[in-house]
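# structure here, sequence nowhere to be found:
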C-alpha cells in the first residue's frame, strides 16, 4: 500500500491538470460545488445520507508530502511553480451537508463545498467516492431493515465487499441504517458496533461427525452458541441440535439458536421451528442467511416465515441490484457567479442551495423544497448544515448512535408508499421560484455567451 | 481508520469463535482450504486471476497486537488462554495459487491454503475479499479490452468504486487485464501504471465562455491537451476546439484530442470526426466516455464508430452487471482426511488439487483438467504454483507487467466463443477419475457417519 501521506493523490489526474491550468492562469477564486444524485436506481424512492464524517476527516488532513510531489514531477507534465504550490496545499473552505442518517431525495444537494477552486476541485474524487458508497449502502441496508419488519438484521458482507475500505464502511453504513450488528470485527472495534457471529461449515466438516462439531462448539460457548445446521442435511442437523441443546439444558446451559444457510429457506425454517417447538425448545432462535436481500426478507415477512433474525451479506454489501448511483459533484458558482452545465440529460441547478423539509401535523414527512441558500421557508427544517468552517470541522457532529437514532425516527415518518421495496412512489421535491428564475437566467446567459 | 496493526481483525467474528473452539478442544491439525467460484455470472465464460499478491502480503504480515487483543477481551466471549495464544499468532502455512493474469474457470481452485486450522480459518475473510474483488474486476476489464478491439481503454472509475481500497485495486486489476492506464494518481504511483486525464465540465463552466476555457487549458498543456467538448453543445464545442487547435498549430503546438462524455455517443463521434477531418485535423483523437461498458464498446466496434480510445468508469469499476461472484473458501482436507460439504447447491470437491491446462498444436487453449494434487497430466501445464512456503512468499512472483503480458498472451489464445460478450460458451473443465472417486468415497463416508 502507498503511504498514508499520499492520500491526496486519491484523485483523478485531471483534477491536478485543471489545477495547474487554474494556477497558471491565476484563477484562484472561490467555487461552490454541489453533490447530488441525478436519478433513482430501480426500486429506490429515497436515499440515506452517509459518509460525511469521512469526507470531513479527509479534508482536514489534506496535504501532499514531498515524496508525492516528487512522483508528480516524474510525470513530466507539471510545472515547478505549480508543484511548489501543491506542497503547501491545504483545504481552507467550508462544507455544508445533510447530516448522516437523514433521508434525501434525487436532485437534492447532499453536500456543498465552497473553497478556492483548486482546493474544491482536487477533493472531488474522494468526496464522490465516499458519499456514493456509503449512501448507497445505507440506502440498501434501510431497505433490508424495512423488509424485515422488526426482526434483527446483521451484516455478514465483509468477504464480498469491494475491498477493505468498503468492508469497514458497509458495516458502519448498515448499522447507521438500523442493522443490529456486524460480523466485521475490525469495524466493531473501530465504530463500536456490536459484533455477531455463529459458526461455519468448515467447523462441521473438520469433525468426523456433525454432532461432535456441535458438542465441541458449545463446550467453548455454553451460553451463546448458534449452531449451523445445513452442512449435510438441515432436518437431520436440526435434530442433532435438539440433542445437543438438551444436553446443554441438563448442564444448566442454553442453546441460543441455529442458523440455516442454504436450500429452500422458507420451508426449512418452518420444519426446523416445528422440530424445536415439539422438543419444547421454543426459545431457540432461528437465523436465516445465504444470499438474502430485501426482496427475500419482504417475502418471508409477508409469509410469516419463522426466522427470528437474518444475516445479510453479499447482496447488501455490494448493493447488488444497484451497485452505484448517478451522483455528480457539479460546479454551481464561480467567483460569485452562478453557473450550470447543459450536457444532454445532465442539466444542473446553479448557485448555493438549501433543502427544506416539511412535516404534516402528525409529524409525517410531507415534502421538500430546494431553494437558494439565502431563502427561508416557514415551518420547515433546513437540512443542509454547515459542518466545516475554514477547513475545520465544527465541534457538534452527531455520534454514530445519534445519527442511527435520527435515521430510525425519520424513517418511521416516511410514508410507506415511498419506502415500498418495489416500484415506490416518488417523494415530492419542489424547487423554489427563485431557483427556477436563477436557472433560466443562467441558461439565457450561457446561450448568449456561446 | 483503525490502526494498521489490527488488520488481522478484518475477519468475521465466527472465525475467532471457531478458533477458540478449535483451541480449547486441542484441534490444531493442518487444514487445506480451496478457493473457487461456483458459477459464472450472466454473460461470463472465464475469470482472470487477480489479488494473489495482496493475499500473500497480508499473510506474511498477519499478527494481532495487544490493543486488538484488549478489544477482543472486552467482548467477554473469549477465554484468557485463547487470547494469549492469539498474541503470538502468525501465518505459518503454505499457499498454492493460479498466477495473477492467468485465466481460470468455474469450479477450479484458484487458491489453496494449507495451515494449522486456526490460521487457515482466520484468514478466510480477507482472502475471499481480495480474490473476489480483484478477479471480478480483472474479468470485467478483460471484457472491455476485448470489446474495444485494439482501441485503448483507460480506467476512470475511482469516484464510483466502492471505497478507497477498491479504487486502488480496480486500477491495478484493470491494468493487469490490458487497460492502458488509469486516472487514479495514487494507483499510478503505487503500481507504476500510466496515469491519464483530460479536463472536467467544471473547468469549462468556471469560465465565462467555453472557448476561453479551452484557450486557458491549452496554455498550460500545449502538447497534451484533450478538450472536453460536451458541456453545452457538443457540435459547437467541436468547432471551438478546431478554432483553438488551429491557433495552437500556428504556435507550433498540437491539440491531442477531444472527449465526448454525454449524448448519443455514436452519432456525435461521427459528426465530430467529420468536423476535424474537414479542418484537416485528422490526427486529433476522439475519446469516448460517460457510462460506457463492454456492451457499448462492442456495439461501437461493430459499427466502426470513430472513437480512438475510451475512458470507462463506474460500470467497470463496480462490475455493474455482476458486482460479485459466488466464490467460496471451502475446507477440503483436515488432518490428512479429505472432507466436503453437501449443502443444497453447494457440494464441494474434497482434497488438495491441481489444475492442468492443455493447448492444441496451434497454441489455442483446449481444455482444463482438475486433478488431485499428486496426479500428473501429460503435455499439460500445471497452473497452481506454490507461492508461499512456511509463511514466506516465494521469491519468484511475477511483476505486474509480466502478469499483464501473460494475460494478453493467454487471452489471445482463448477461443472467441468463450470470450463472447453475450452468452459465451463454457470452456471444457473436466475432473479426473481419481478426484471423482475420492468425492464418491467421502460422500459415502459422510453418509455413513451421519
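Good, I have the coordinates. Everything numeric here is computed off the predicted structure, so don't read it as measured data. Numbering: from 1, shown residues only, chains lettered A, B, ... in the order given.
# next, see if stretch A:158-171 gets close to chain B.
Yes. Judged by C-beta under 8 Å from any C-beta of the partner chain, stretch A:158-171 and chain B are in contact via A:158, A:159, A:160, A:161, A:162, A:163, A:164, A:165, A:166, A:167, A:168, A:169. Placement of C-beta: from N, CA and C, glycine included.
# can you redo the residues you listed as JSON lines with pLDDT and neighbour count?
Listed next are the residues of stretch A:158-171 next to chain B as JSON lines, based on pLDDT from 0 to 100; neighbours: other C-beta atoms under 10 Å in any protein chain shown:
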{"residue": "A:158", "pLDDT": "98", "neighbour count": "28"}
{"residue": "A:159", "pLDDT": "98", "neighbour count": "26"}
{"residue": "A:160", "pLDDT": "98", "neighbour count": "27"}
{"residue": "A:161", "pLDDT": "98", "neighbour count": "32"}
{"residue": "A:162", "pLDDT": "98", "neighbour count": "31"}
{"residue": "A:163", "pLDDT": "98", "neighbour count": "26"}
{"residue": "A:164", "pLDDT": "97", "neighbour count": "27"}
{"residue": "A:165", "pLDDT": "97", "neighbour count": "23"}
{"residue": "A:166", "pLDDT": "98", "neighbour count": "28"}
{"residue": "A:167", "pLDDT": "98", "neighbour count": "29"}
{"residue": "A:168", "pLDDT": "98", "neighbour count": "25"}
{"residue": "A:169", "pLDDT": "98", "neighbour count": "28"}
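# how about JSON lines for those, with secondary structure and distance to residue A:148 added?
Converted to JSON lines, the residues of stretch A:158-171 next to chain B look like this (DSSP: H, G, I helix; E, B strand; the rest coil; distance: C-beta to C-beta, whole Å):
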{"residue": "A:158", "secondary structure": "coil", "distance to residue A:148": "20"}
{"residue": "A:159", "secondary structure": "coil", "distance to residue A:148": "21"}
{"residue": "A:160", "secondary structure": "coil", "distance to residue A:148": "20"}
{"residue": "A:161", "secondary structure": "coil", "distance to residue A:148": "20"}
{"residue": "A:162", "secondary structure": "coil", "distance to residue A:148": "24"}
{"residue": "A:163", "secondary structure": "helix", "distance to residue A:148": "27"}
{"residue": "A:164", "secondary structure": "helix", "distance to residue A:148": "27"}
{"residue": "A:165", "secondary structure": "helix", "distance to residue A:148": "27"}
{"residue": "A:166", "secondary structure": "helix", "distance to residue A:148": "22"}
{"residue": "A:167", "secondary structure": "helix", "distance to residue A:148": "22"}
{"residue": "A:168", "secondary structure": "helix", "distance to residue A:148": "23"}
{"residue": "A:169", "secondary structure": "helix", "distance to residue A:148": "21"}
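# so which residues on the stretch 301-450 of chain A come close to chain B?
Going by C-beta under 8 Å from any C-beta, the residues of the stretch 301-450 of chain A near chain B are A:314-315, A:318-320, A:323-324, A:330-331, A:334, A:339-346, A:446, A:449-450.
# give the buried subset of those residues as a PyMOL selection command.
Command for PyMOL that selects the buried part of those, burial taken from 16 or more other C-beta atoms under 10 Å in any protein chain shown:
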select buried, chain A and resi 314+315+318+319+320+323+324+330+331+334+339+340+341+342+343+346+446
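# filter the residues of the stretch 301-450 of chain A next to chain B down to the ones in helices?
Using DSSP state H, the members of those that fall in helices are A:314, A:315, A:446, A:449.
# what's near enough to touch the last one?
For residue A:449, the contacting residues are B:208, B:209, taking C-beta atoms under 8 Å, 6 or more residues apart in numbering or on different chains as the criterion.
# if I look at it, how far off is residue A:206?
To residue A:206, residue A:449 is 72 Å away according to C-beta to C-beta, to the nearest Å.
# thought residue A:351 was touching residue A:333?
Yes. Look at residue A:351 against residue A:333 with C-beta atoms under 8 Å: they come within range, at 5.7 Å.
# what's the overlap in contacts for these two?
By the contact definition C-beta under 8 Å, 6+ apart, residue A:351 and residue A:333 are jointly contacted by residue A:32.
# right, I'll leave it there.
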